[in-house]
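> I'll drop the sequence and a predicted model, then ask my questions.
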Amino acid sequence: MKCPFCSHDDSQVKDSRPTEDGAAIRRRRQCEGCGARFTTFERIQLRELTIVKSEGRREPFEREKLERSIAIACRKRPIEPIRIERLVTAIQRQIETSGESEIQANRVGEMVMDGLKALDSVAYIRFASVYKDFTEAKDFEEFAGSVKEMGS
């Protein structure tokens, strides 16, 4: 494993343990070059996945990108990090078990929307504002009104 500090190629595992949800192994490592310590996570990957963007461009699925976009939508909301982690894991598993090696980006977006709708309405609206490309305040009003109606 390459050191993120000095790019030395070798590191030694100092500690390994499963994450809370058991979906990954957390490893504490120490660089043999500079002595810095860092953490890595090892996860099961059932198959190589490709995301097909709306314009037809293809890129490899990146769990970190999914985590980042959900975390941004959930920023400053009273949501425990473990719930976000479970949502990301559930979406990744759903994608991996679909039987497809390529998935449309809009399908992933809909999975995130469904997950956030159940998690937090504000995070759901935040994500939707980017995903659905809101351009005016009335777009927010209309969407928030539909969210309020669903909750009633």
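Done, it's in.
> Check the gap between the most centrally placed residue in the chain and E32 for me.
Geometric centre of the chain, nearest residue: E67, 2.2 Å, by C-alpha atoms, centre = their mean. Separation of E67 from E32 (C-beta to C-beta, to the nearest Å): 29 Å. For glycine as for every other residue, the C-beta is placed from the backbone atoms N, C-alpha and C.
> Check M113 too.
When M113 is compared with E32 (using C-beta to C-beta), they lie 45 Å apart.
> who has more neighbours, these two?
M113 (15 against 12; other C-beta atoms under 10 Å).
> average pLDDT across the helix or strand hosting the more buried one?
Here M113, judged by DSSP states H and E, is contained in helix 105-119. Average pLDDT, helix 105-119: 94.
> Which secondary structure elements does that helix sit against?
When contacts are defined as 3 or more C-beta pairs under 8 Å, 6 or more residues apart in numbering; DSSP states H and E, helix 105-119 packs onto strand 50-52, helix 63-74, helix 81-96, helix 121-131.
> which residues are contacting the helix or strand of the chain with the lowest mean pLDDT?
For the chain, the helix or strand with the lowest mean confidence is helix 137-151, at a mean of 74 (criterion: mean pLDDT, DSSP states H and E). Helix 137-151 is contacted from outside by K117, S121, Y124, I125, A128, S129, K132, F134, using C-beta atoms under 8 Å, 6 or more residues apart in numbering.
> Same question for stretch 8-23.
Residues outside stretch 8-23 that contact it (C-beta under 8 Å, 6+ apart): 1-3, 24-34, 37-38, 41, 43-44, 82, 85-86, 89.
> Show only the entries of those found in helices.
I82, E85, R86, T89 (DSSP state H).
> what's the pLDDT at K76?
Listed pLDDT for K76 reads 95.
> what do you get for G99?
We have a pLDDT of 83 for G99.
> Next, count neighbours for it.
6.
> Can you give me the separation between it and E59?
20 Å.
> Please consider this matter closed, and thank you.
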